[in-house]
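K.L.:
Generate a structure from the sequence data that follows.
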Amino acid sequence: MTRPLSHGGGQTIQVAEKLSDRVLVGTIDGVATIERSSLGGTVTNHALEDPHIHAVVRKPESVPTSPWEHARGYSRSSVSLSKSRILRPIQFSYGEAAMALALSHGAQTIHAAGKLSDWLFVGTINGVVELKKSGSDWTVARRSLEGKHIHAVLQEPESGFWFAGVNKGGIFVSKNDGATWAICNEGLTETDIYSLATVEVEGKVRIFAGTEPVHLFYSDDLGAHWAEMPSIQNVPNMEKWRFPAPPHIGHLKHINFAPNDPKTIFASVEQGGLYVSHDAGESFDEIPGPIDDVHRLVISPSRPEHMYTTGGGGLSMSEDGGHTWNNMFGYESEPGGYPDQLVFKPSDPNYMLVSAGQKSPRSWREEKNAKARISRSLDAGRTWEVLTNGLPNYLSHSIEAMSLEESGSEVQVFAATTGGEVLWSSNAGESWQTIAEDLGPISKGGHYQGMNDGLLTQQQSEGRSRAARFSEILQRPNIFGRRS
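P.N.:
Numbers count the residues shown, from 1 in each chain. Model prediction:
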């Protein structure tokens, strides 16, 4: 192992699996290489003689596997597990580091890591809310992008950049762990963002975005430019894409990839059906399914022929790669008739959790109650049990986001509701507790509407107040007599 030592060489504190036995030292007369031996340190090389070296840095030869940059596991989507997921530490202003995870409606939801995250980015209808864990408690640490309805929050692990997909607002990127965000819409012809996903294709990071109306965009330069995959517009039965609620336009609700084959892309259209591309988006074909109202597709990494869809017709399962489907549960069943979020343990895909409302969103508004539940299956979705330890028999608000993270024998699960609550299980769903309330509804589209108007008014008012206070602070002179 080799480490640099110089005056201005960037990072000076490292965590490694093995102590280094060689150091590159920046001097006023070049770079000296010192190697450790049983006799002490020995200079073995002297390079770049004459130049005065201020800084020496080293690019890692491979993906780090230290506790700070956790590697080799399941990648950043529920099925695309061919590329390792790197969790970068977030550096707080007071020098403390934490691992970070996203919780939103329209991004990737299943993760494996070397260490469980203690920093959570939550996408709400009033911006991104960050929660920090201290001991067993979670507290609100920061809010950003206030006033924007966030459908999807995603971290691209290679760069560490965060992306936020906004309902009727395009895509924003943060290159400094959420401290600031910048819009990155160049190339987007549609900006009502419903879904985000990332995968590595032929050694290069690619980010995908799905919209309403149904369009599929991708970026190969971390959001600086976007291009469209028009083939999604040239599929059979496109004319049937229609969403029940106004403006009656379908949207690309979820994007996924085949295990170990990032060129196989799955697009879930609500309402319209399930589509697949086997050529990295050059063409798409329809996968005939039991329903047209497809919310998301999940594929078992250990048995890729096992595929699952959630939607208005219930939970469906295919054991032959999508050729035939069986309904596992449906309308007004015990787990619920309107399932949406579906996750599994990366080490054991038979262990699954699903969230579902009892009926469709129209009934939620009429009855002021979604009657939502979280259920668990231990046999790959064939049978389900309703979970209640720490949860009521029914939650009045819909569960619109879920994220599962596994580290060794530890599994934590987060779930978020249209009531602005975040639920947390530290033991894979055995028990639950509410760790945040009144964050602002976590919701796809208008699912929150008509259920918590008072909460919405309060959150929007608070958001305007915070924005006004921040604007006043920026106008104050700083210690140099200049505006901040």
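
K.L.:
so who does Ala267 touch?
P.N.:
Counting by CB atoms under 8 Å, 6 or more residues apart in numbering, Ala267 touches 210, 216, 232, 252, 254-255, 274-277, 284. To be clear about C-beta, it is placed using only N, CA and C from the backbone, and glycine gets the same treatment.

K.L.:
And the residue nearest to Asn350 when sequence neighbours are not counted, how far from Ala245?
P.N.:
Computed as CB to CB, 6 or more residues apart in numbering, the closest residue to Asn350 that is not its neighbour in sequence is Ala380, at 4.4 Å. Using CB to CB, to the nearest Å, Ala380 is found at 33 Å from Ala245.

K.L.:
More neighbours: which of the two?
P.N.:
More crowded of Ala380 and Ala245, by other CB atoms under 10 Å: Ala380, with 20 against 12.

K.L.:
Report the contact partners of the more buried one.
P.N.:
Here Ala380 is in contact with 300, 306, 317, 349-350, 352 (CB under 8 Å, 6+ apart).

K.L.:
so is it in a helix, a strand, or just coil?
P.N.:
coil (DSSP: H, G, I helix; E, B strand; the rest coil).

K.L.:
buried set for stretch 374-385?
P.N.:
Buried residues in stretch 374-385, counted by 16 or more other CB atoms under 10 Å: 374-377, 380-381, 384.

K.L.:
and Ile34, what element?
P.N.:
strand 30-37 (DSSP states H and E).

K.L.:
Which strands or helices does that strand pack on?
P.N.:
Counting contacts by 3 or more CB pairs under 8 Å, 6 or more residues apart in numbering; DSSP states H and E, strand 30-37 packs against strand 22-27, strand 40-47.

K.L.:
Mind listing residues that contact stretch 167-181?
P.N.:
90-91, 100, 121, 125, 128, 130, 142, 144-145, 148-151, 159-166, 182-185, 188, 191-194, 196, 209, 222-223, 226, 445.

K.L.:
Would you mark the buried spots in it?
P.N.:
Buried-residue list, stretch 167-181, by 16+ other CB under 10 Å: 167, 169-174, 177-178, 181.

K.L.:
What of stretch 383-392?
P.N.:
Counting neighbours by 16+ other CB under 10 Å, one finds that the buried residues in stretch 383-392 are 384, 387, 391.

K.L.:
For the closest residue to the second one other than its chain neighbours, give me the pLDDT.
P.N.:
Okay, so that is Leu387. Counting by CB to CB, 6+ apart, Leu387 lies nearest to Ile374, which is 5.0 Å off, once chain neighbours are set aside. The model reports Ile374 with a pLDDT of 98.

K.L.:
ok so, going back, in terms of distance to Ile13, which of the contacts of Ala380 ranks first?
P.N.:
Proximity of these to Ile13 (CB to CB) peaks at Pro349, which lies at 37.7 Å.

K.L.:
ok so, going back, would you single out the least confident of the helices and strands packed on strand 30-37?
P.N.:
Across the helices and strands packed on strand 30-37, strand 40-47 has the smallest mean pLDDT, namely a mean of 62.
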